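Chemist: dropping the sequence and predicted coords here.
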Amino acid sequence: MKKLFDLDNDALERIFFFLVIFLAFFLRIIWVFCIKTDWFNTDTYAYLEMADAILSGNPISWFPNGYPIFICIVKVFFRESLISTVIIFSNVVFSTLVVFMTMEIFKKISGNKRISLLSGFVVAVYPNQINYVRQMLSDVPATFFLILGFFLWTRGKFLRSGFFFYIAGLFRSTLLPIGLIIFFVSLLKNYSIQSEIKTKRLLAGFFLAVGFYSILIFANIVKPSGNLSYNISKAISFYNKGDLEITKTTRQEDMNAPIGRYFQFALEHPALFIRYRLLAFQDLWGWPVKSERSFLTDFLISLRFPLVILALIGFIRRYNDLNFQIFFIPILLITIIHVTMFSSARFTYTVEPLAIILGMSLLCKKPTFTTVPD
């Protein structure tokens, strides 16, 4: 014990850094492999069906293709009996790496090692970040690639950053515009010509990924995702509890003119439309609306509300800082998109590490944050 106290600050910080990483990995392993949890969700079967269709040479258009492609890669290298285990273990690894990158991002932009360790600890133990590791869904890998994009951004690796921002969007389509928005926000900051050239590399990386994905589409390896129309149609019925008669539609009918029906509903039932949008906001950041969970589970999920409030305060406090502007972009984007349509407890999963970074910045009293990436 005396030797531990004799260590310098850097050595102690390294010890705590690895302890946070170990804690994150340990909690996720225990949760998914030692506690009886269900790995499969309704959407999981759709992803598996899409992956099998890709491998058979007859791709189908439904969810975004990122996760089915990932499943295909796993299926190529592992036998069928190991597929689920490998995918779930990948979730554990991805989620643990998110904890690592969160600490590195915070340390890079603030220079505060201790609060960076605390931010990593919060992500490591945050209930939602642990819970969804147990399911074969796109949320965990999407979060990994999104945070990887920001990790590379803070290190000035713009080409790779833009590439992975687009990859994140292939897993969760709500994240697709992020790379482009960050590019335009960066240009508006009007830095030096050298910084502008570096930032344009982000756009190049983004469209490099677009090119690779386009090749897969033109080669008929995958088909463009087709769930947007369904999501728009679902927006006008998801929160309906007998408020009005809504004709049940088929999936094909949902694909036909959903935008027209959406605006028609808004014009004919403005009060209900506004009410459903407020319910979607509550479902996204507040106490879950349509829930059959226990009180404790809903309470843990609703920790999102104080988290997003702290994130908003952190953003406002340093709104002139480019890093804080781009960290807030995904939070604002998924809020706008899902309030416009419908929400679920897991839809905040991808942006929670960014919200934690923004919130934890409130503990930094000195203005040590760097504005321009190296």
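Modeler: It's in.

Chemist: in this structure residue 112 contacts residue 118, no?
Modeler: No: in this structure, residue 112 is not within contact of residue 118 by CB atoms under 8 Å, at 9.2 Å. In short, each C-beta sits where N, CA and C put it, glycine included.

Chemist: of the two, who's got more company?
Modeler: Higher neighbour count among residue 112 and residue 118: residue 112, with 20 against 17, using other CB atoms under 10 Å.

Chemist: show the model's pLDDT score for that one.
Modeler: At residue 112, the model reports a pLDDT of 88.

Chemist: mind listing what residue 347 touches?
Modeler: Residue 347 is in contact with 174, 284, 334, 338, counting by CB atoms under 8 Å, 6 or more residues apart in numbering.

Chemist: cool, and residue 32?
Modeler: Listed by CB under 8 Å, 6+ apart, the contact set of residue 32 reads 39, 88, 91-92, 133-134.

Chemist: between the residues you listed, which sits nearest residue 64?
Modeler: residue 91 (17.2 Å; CB to CB).

Chemist: how close does that closest one get to residue 98?
Modeler: 11 Å (CB to CB, to the nearest Å).

Chemist: cool, and residue 166?
Modeler: 18 Å.

Chemist: now residue 312
Modeler: 21 Å.

Chemist: of those two, who's got more company?
Modeler: Using other CB under 10 Å as the criterion, residue 312 and residue 98 rank with residue 98 on top: 26 against 16.

Chemist: wait, the more buried one sits on residue 353?
Modeler: Yes: assessed by CB under 8 Å, residue 98 is found in contact with residue 353 at 5.7 Å.

Chemist: what touches both of the two?
Modeler: 123, 129, 143, 147.

Chemist: quickly check those for the two that are furthest apart.
Modeler: Using CB to CB, the pair of these lying farthest apart is 129 and 147, separated by 11.2 Å.

Chemist: comparing the two, which residue is more hemmed in?
Modeler: Between residue 129 and residue 147, counted using other CB under 10 Å, the more crowded position is residue 147 (28 against 25).

Chemist: show me the contacts for the more buried one.
Modeler: Shown in contact with residue 147 (CB under 8 Å, 6+ apart): 98, 101-102, 105, 353-354.

Chemist: among those residues, which are located in helices?
Modeler: Among those, the ones falling in helices (DSSP state H) are 98, 101-102, 105, 353-354.

Chemist: tell me the one of those residues nearest residue 325?
Modeler: Residue 325 lies nearest to residue 354 out of the ones in helices among the contacts of residue 147, by CB to CB, at 11.7 Å.

Chemist: residues in contact with the closest residue to that closest one other than its chain neighbours?
Modeler: Spatial nearest neighbour of residue 354, excluding adjacent residues (CB to CB, 6 or more residues apart in numbering): residue 327 at 4.8 Å. By CB under 8 Å, 6+ apart, the contact set of residue 327 is 150, 315, 354, 357-358.

Chemist: next: residue 141.
Modeler: By CB under 8 Å, 6+ apart, the neighbours of residue 141 are 66-67, 70, 90-91, 94, 171.

Chemist: and the contacts of residue 327, which is closest to residue 305?
Modeler: Looking across those and measuring by CB to CB, the closest to residue 305 is residue 358, at 14.6 Å.

Chemist: per-residue pLDDT, the closest one?
Modeler: Reading off the model, residue 358 has pLDDT 96.

Chemist: ok, it touching residue 307?
Modeler: No: look at residue 358 against residue 307 with CB under 8 Å: they stay out of range, at 9.3 Å.

Chemist: more neighbours: those two, which one.
Modeler: residue 358 (28 against 21).

Chemist: on contacts alone, who are the packing partners of the host helix or strand of the more buried one?
Modeler: Assigned by DSSP states H and E, residue 358 falls within helix 352-360. Contact here means 3 or more CB pairs under 8 Å, 6 or more residues apart in numbering; DSSP states H and E; on that basis helix 352-360 packs against helix 83-110, helix 113-125, helix 127-131, helix 139-154, helix 304-317, helix 322-340.

Chemist: quick one: it to helix 139-154, angle?
Modeler: 50 degrees (axes from the mean of the first three to the mean of the last three CA atoms, to 10 degrees).

Chemist: and the contacts of helix 352-360?
Modeler: Against helix 352-360 from outside (CB under 8 Å, 6+ apart): 98, 101-102, 105-106, 115, 118-119, 122-123, 126, 128-129, 143, 147, 150, 304, 307-308, 310-315, 324, 327-328, 330-331, 348.

Chemist: distance from the chain centre to the helix or strand where residue 206 lies, please.
Modeler: Assigned by DSSP H and E, residue 206 falls within helix 193-218. Taking CA atoms, centre = their mean, to the nearest Å, the mean C-alpha location of helix 193-218 is offset from the chain mean by 20 Å.

Chemist: summarise which helices and strands it is packed against.
Modeler: Using 3+ CB pairs under 8 Å, 6+ apart, helix 193-218 sits against helix 158-171, helix 178-188.

Chemist: going on from it, what's the next piece of helix or strand?
Modeler: Counting by DSSP H and E, the next helix or strand C-terminal to helix 193-218 is helix 228-234.

Chemist: which elements pack onto that next one?
Modeler: Checking 3+ CB pairs under 8 Å, 6+ apart, helix 228-234 ends up next to helix 251-255, helix 258-268.

Chemist: circling back: list just the nearest of the ones in helices among the contacts of residue 147 to residue 280.
Modeler: Nearest to residue 280 among the ones in helices among the contacts of residue 147: residue 354, at 20.5 Å, using CB to CB.

Chemist: count of neighbours near the closest one?
Modeler: Burial measure for residue 354: 22 neighbouring residues, criterion other CB under 10 Å.

Chemist: gap between it and residue 330?
Modeler: Using CB to CB, residue 354 is found at 6 Å from residue 330.

Chemist: alright, calling it a day.
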